[in-house]
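Colleague: Turn this into a model:
(chains A and B)
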Amino acid sequence: MTTSAPGALHLKLSAAELCVLLTAISVDPQPFIDGSDLISLNRTHLFQRLSAAREGLLLRKLAKVQPDDSLAVADPTRDLLLKSAQPKAGFQLFHARAGAIPQRILFSVTNTGTVMHRIKGIVEHLIQPLPLADPSAIVEAVLKLSAPPAPASRATPKTYSVPHQVMAALAGTPPKPNPELLPLLTGAGLSATDAEALLSAGTQPTQQTVFTAIAARGGQIGSGGAMWFADAKSAWLFSDFNQGGQVTVQRATNAAVREAINALITEALGSPGR
Amino acid sequence: MAKQSLAALTSSVLADNQAAYLDYYRSKLPNSKDDDIAKVVAAYKSADPAARQQFGAGLTGGQGNWLGTYAYRMSMLSVRQEANNVLQNGLVGLAMAMKVKDWRECIMTMSVLYRAAVLLGAGGRAFQDAAPYAPDTEARELLLSFLARAEEDRQIEALGYRELNGEHGIIFIYGTQPVPEGLK
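Modeller: Numbering: from 1, shown residues only, chains lettered A, B, ... in the order given. Predicted coordinates for the structure are as follows:
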């Protein structure tokens, strides 16, 4: 197993800086700045914001000006950005925690390593190689960022197959209470107490995480993803999104989330994580 | 050690000294002067409304300059430290100076404080939370008036600033001024 060198490059960039750098290496910045505050600027302000970003990149020596006034991006920065933007497989984690700025994290797997790209709020981008040049590093990173609360019991949680609409309702932002969901859950075999606990955690979560495998040309692949959420009383995991209108739900434990992520990575890459 | 009164702190920390004030603008961020002014702001925040109003009425132009520059520096420091309390200190510091500063200058500083608030995820709420600390109604209204501006007019670029990142984090710099070493 390869380990990345100590002191490997970590890039902390604004959306404007990322836009300038990606453009300089002929990569379309659009997918990375969707939802950023750059979109709301008028042309004059956008030009000024990008010009200032370029100035900052030069100040930090992440790029230098070429004779034709274009930017030459420093090699380590260029390599990291290309790995992040042109992976052979990609995964996305969306993590929201009450009182904190939501984060979107893109994992890009290439033949020479995995890059993690954290998008915090509307502007901050943190791009770094994962310590292990192996997809299993993704599993560890995901759990580090968004581990479900420790369960009260160590027993393997029982799984239930429930209609997709339960997950769809709880995946909304914000999720909406819907009394019609309760009979769907009890009908699938959950006790009334568990069904109420699930809906309570799902409609007012203290944390919510969605992990998805992304195909090279966008969209989900295979079984799609996993979603877990929790409140102070319980934590729940939805997985196996594409089983004929049904999804699997169980109490979320560290092991269950690990297994669900591993299954998605295996399906996307054709090799297990860990 | 007994706490110094707001008046004593103000006269010792915000001494009228043009050269020192200009050095402060470009000095290393953060530094001990930032800490000293934070103590003035904290003392002001813990004072009652009448004492705050008295503070605003008695402030000199030179003291207002210190507070205005402090507010500008806190816009950057709050983002660098991801600290909403630092941002609030900056907003309150600016509000404290509003009785003696040109309102147009105040709006310029509000643009960088607003940008910091957006970056920290607080947005206009940061202004609303700071407004009760303004020394009087006029200052409070000036602070809140920034939120009534069109989104386009709240952008730092609309007020002449530019935003870049240095080795130590975000920098807001006015016009075409070079970036001072202390802010890099």
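
Colleague: what about chain B, any weak spots by pLDDT?
Modeller: Per-residue confidence for chain B (pLDDT under 70) gives these ranges: B:1-3.

Colleague: rerun that using 50 as the cut-off
Modeller: Screening chain B residue by residue with the criterion pLDDT under 50, one finds the ranges B:1-2.

Colleague: Which residue ranges of it form helices?
Modeller: Counting by DSSP state H, chain B forms helices over residues B:6-13, B:18-26, B:32-46, B:49-58, B:61-81, B:84-97, B:103-119, B:125-130, B:137-145, B:151-154, given from the N-terminal end onward.

Colleague: How far off centre is the fourth one?
Modeller: Okay, so that is helix B:49-58. Average the C-alpha atoms of helix B:49-58, do the same for its chain, and the two points are 17 Å apart (C-alpha atoms, centre = their mean, to the nearest Å).

Colleague: ok, now the fifth one?
Modeller: The gap between where helix B:61-81 is centred and where its chain is centred comes out at 4 Å by C-alpha atoms, centre = their mean.

Colleague: and the angle for that helix with helix B:6-13?
Modeller: Taking axes from the mean of the first three to the mean of the last three C-alpha atoms, to 10 degrees, one finds that helix B:61-81 is oriented at 90 degrees with respect to helix B:6-13.

Colleague: Stretch A:243-252 spans what distance, first to last residue?
Modeller: In stretch A:243-252, first residue to last residue: 20 Å (C-alpha to C-alpha, to the nearest Å).

Colleague: pLDDT averaged over it, what's the number?
Modeller: For stretch A:243-252, the per-residue pLDDT values average out at 88.

Colleague: now for whichever strand or helix holds A:Asp194, which elements pack on it?
Modeller: A:Asp194 is part of helix A:192-203 when elements are defined by DSSP states H and E. Of the remaining helices and strands, those touching helix A:192-203 by 3 or more C-beta pairs under 8 Å, 6 or more residues apart in numbering or on different chains; DSSP states H and E are helix A:164-170, helix A:181-187, strand A:220-230, strand A:235-243. Heads up, the C-betas are built off the backbone N, CA and C, glycines and all.

Colleague: where among these is the average confidence lowest?
Modeller: The weakest mean pLDDT among these belongs to strand A:220-230, with a mean of 76.

Colleague: burial of the spatially closest residue to A:Phe32 that is not a sequence neighbour, as a residue count?
Modeller: If the residues on either side of it in the chain are set aside, A:Phe32 comes closest to A:Leu18, at 5.8 Å by C-beta to C-beta, 6 or more residues apart in numbering or on different chains. Residues contacting A:Leu18 under the criterion other C-beta atoms under 10 Å in any protein chain shown number 27.

Colleague: Give me the contacts around the strand or helix carrying A:Leu18.
Modeller: Taking DSSP H and E as the definition, A:Leu18 sits inside helix A:15-24. The contact list for helix A:15-24, computed with C-beta atoms under 8 Å, 6 or more residues apart in numbering or on different chains, reads A:13, A:28-29, A:32-33, A:36-38, A:49-50, A:52-54, A:56-57, A:62-63, A:70-73, A:77, A:81, A:85, A:122-123, A:125, B:163, B:165.

Colleague: one more time with 6 Å, if that's ok
Modeller: By C-beta atoms under 6 Å, 6 or more residues apart in numbering or on different chains, the residues outside helix A:15-24 that reach it are A:29, A:32-33, A:36, A:38, A:49-50, A:53-54, A:57, A:71, A:73, A:81, A:123, A:125.

Colleague: Run the chain-centre distance for that helix.
Modeller: Relative to its chain's centre, helix A:15-24 lies at 21 Å (C-alpha atoms, centre = their mean).

Colleague: following it, which helix or strand comes up?
Modeller: helix A:30-33.

Colleague: Can you pull the phi and psi angles for the closest residue to chain B within the stretch 51-200 of chain A?
Modeller: Checking the stretch 51-200 of chain A residue by residue against chain B with C-beta to the nearest C-beta singles out A:Gly56 as nearest, at 3.0 Å. Per-residue torsions, A:Gly56: phi -70, psi -40 (degrees, to the nearest 10).

Colleague: wouldn't it be in contact with B:Leu164 here?
Modeller: Yes: with the criterion set as C-beta atoms under 6 Å, A:Gly56 and B:Leu164 qualify as a contacting pair; they are 3.0 Å apart.

Colleague: Any idea how many residues pack against the nearest residue to B:Asp36 once chain neighbours are set aside?
Modeller: Sequence neighbours aside, B:Val13 is the residue nearest to B:Asp36 in space, at 4.6 Å (criterion: C-beta to C-beta, 6+ apart). A count of neighbours around B:Val13, defined by other C-beta under 10 Å, yields 20.

Colleague: One more: B:Leu59?
Modeller: Residues lying near B:Leu59 (other C-beta under 10 Å) number 21.

Colleague: what's near enough to touch it?
Modeller: Contacts for B:Leu59 (C-beta under 6 Å, 6+ apart) come out as B:Lys99, B:Val100.

Colleague: if I look at it, how far off is chain A?
Modeller: B:Leu59 sits 33 Å away from chain A, going by C-beta to the nearest C-beta, to the nearest Å.

Colleague: for the helices of chain B, which one ends up most surrounded?
Modeller: Taking mean count of other C-beta atoms under 10 Å in any protein chain shown as the contact definition, the stretch among those with the greatest mean neighbour count is helix B:84-97, which reaches a mean of 25.

Colleague: returning to that earlier point: ok, now which ones touch the residue of the stretch 51-200 of chain A closest to chain B?
Modeller: Taking C-beta under 6 Å, 6+ apart as the criterion, A:Gly56 is in contact with B:Leu164, B:Asn165.

Colleague: make it 8 Å
Modeller: Per C-beta under 8 Å, 6+ apart, neighbours of A:Gly56: A:Ser14, A:Glu17, B:Leu164, B:Asn165, B:Gly166, B:Ile171.

Colleague: care to break chain A down by domain?
Modeller: As recorded under automatic domain parsing, the domains making up chain A are A:1-86, A:88-274.

Colleague: Mean pLDDT lowest where, among the ones you listed?
Modeller: The stretch with the lowest mean pLDDT among those is domain A:88-274, which comes in at a mean of 85.

Colleague: so what does the helix or strand following the helix holding A:Asp194 touch, helix or strand wise?
Modeller: Following the chain from helix A:192-203 toward its C-terminal end, the next helix or strand by DSSP H and E is strand A:207-214. Under the contact criterion of 3+ C-beta pairs under 8 Å, 6+ apart, the helices and strands touching strand A:207-214 comprise strand A:89-97, helix A:136-146, strand A:220-230, helix A:254-269.

Colleague: Right, I'll leave it there.
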